[in-house]
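1. could you work out the structure for the sequence below:
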Amino acid sequence: MSTDAIVLLRQDHKEIEKAFKAFEKAGEQAHKEKGRLVDRIIELLTVHTYIENEVMYPRVRELVPDLEGDIDESYEEHHVADLLVMELVGMKPDAERFDAKTTVLIENVRHHIEEEEQEWFPKVREALGRKALQDLGANLELARKKAPRKPSQPSALKKTVDAVIK
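-> Next comes the predicted model:
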């Protein structure tokens, strides 16, 4: 199995997209199934965001300073997804805006994935080369082992989220 960082992140993207499609195919009244699927989406996104934020982005920022603007944008896109995820964690699958909020999360993450794969990954691959990407991938895999599976909510944000979903 390859430890190339970009290959590993693309594999994550495929698994995330698979979960998105399963959610979209679930019937309108399939609340229980959608709840299970959203739990899976949340786990996948939490782990993926963690390894990118903790390993990939800081290391690329250090090695390829020209990509700082791209990295900053990625952090902000992760932040938006995190807010939606935190709201979804507190919602029941039959809540009025559960499907809409999940759809917005999916649209935002798909946009982020497309930018990474089409624009950012090629720049990173060109700048770093094979050995650096393999080392980075090995570090991503180590981080994956300790990555949280559920998002953590700061108490002030949790109060805000709770007020929004009530």
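
2. contacts for the host helix or strand of Ile6, please.
-> Element membership of Ile6 [criterion: DSSP states H and E] is helix 5-25. Residues external to helix 5-25 that are found in contact with it (C-beta atoms under 8 Å, 6 or more residues apart in numbering): 2, 34, 37-38, 40-41, 44-45, 47-48, 52, 56, 102, 106, 109-110, 113, 116-117, 121, 124-125, 133-134, 136-137, 140-141. In short, each C-beta sits where N, CA and C put it, glycine included.

3. what's the following helix or strand after that helix?
-> helix 31-51.

4. pLDDT of the helix holding Ile6, averaged?
-> For helix 5-25, the mean pLDDT works out to 97.

5. can I get it as CSV, trimmed to CA atoms?
-> Extracted in CSV, the C-alpha atoms of helix 5-25 (Å, rounded to 0.1, in the frame of the first residue of the first chain):
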residue,chain,number,x,y,z
ALA,A,5,0.2,11.6,1.2
ILE,A,6,-1.8,12.6,-1.9
VAL,A,7,-2.8,9.0,-2.7
LEU,A,8,-4.0,8.5,0.9
LEU,A,9,-6.0,11.7,1.0
ARG,A,10,-7.6,10.8,-2.4
GLN,A,11,-8.6,7.5,-0.9
ASP,A,12,-10.3,9.3,2.0
HIS,A,13,-12.1,11.5,-0.5
LYS,A,14,-13.4,8.5,-2.3
GLU,A,15,-14.7,7.0,0.9
ILE,A,16,-16.3,10.3,1.9
GLU,A,17,-18.0,10.6,-1.5
LYS,A,18,-19.3,7.0,-1.2
ALA,A,19,-20.9,8.0,2.1
PHE,A,20,-22.4,11.2,0.5
LYS,A,21,-23.9,9.2,-2.4
ALA,A,22,-25.4,6.7,0.1
PHE,A,23,-27.1,9.5,2.0
GLU,A,24,-28.4,11.0,-1.2
LYS,A,25,-29.8,7.7,-2.3
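
6. quick one: that helix to chain centroid distance?
-> Relative to its chain's centre, helix 5-25 lies at 10 Å (C-alpha atoms, centre = their mean, to the nearest Å).

7. relative orientation of that helix and helix 31-51 in degrees?
-> 160 degrees (axes from the mean of the first three to the mean of the last three C-alpha atoms, to 10 degrees).
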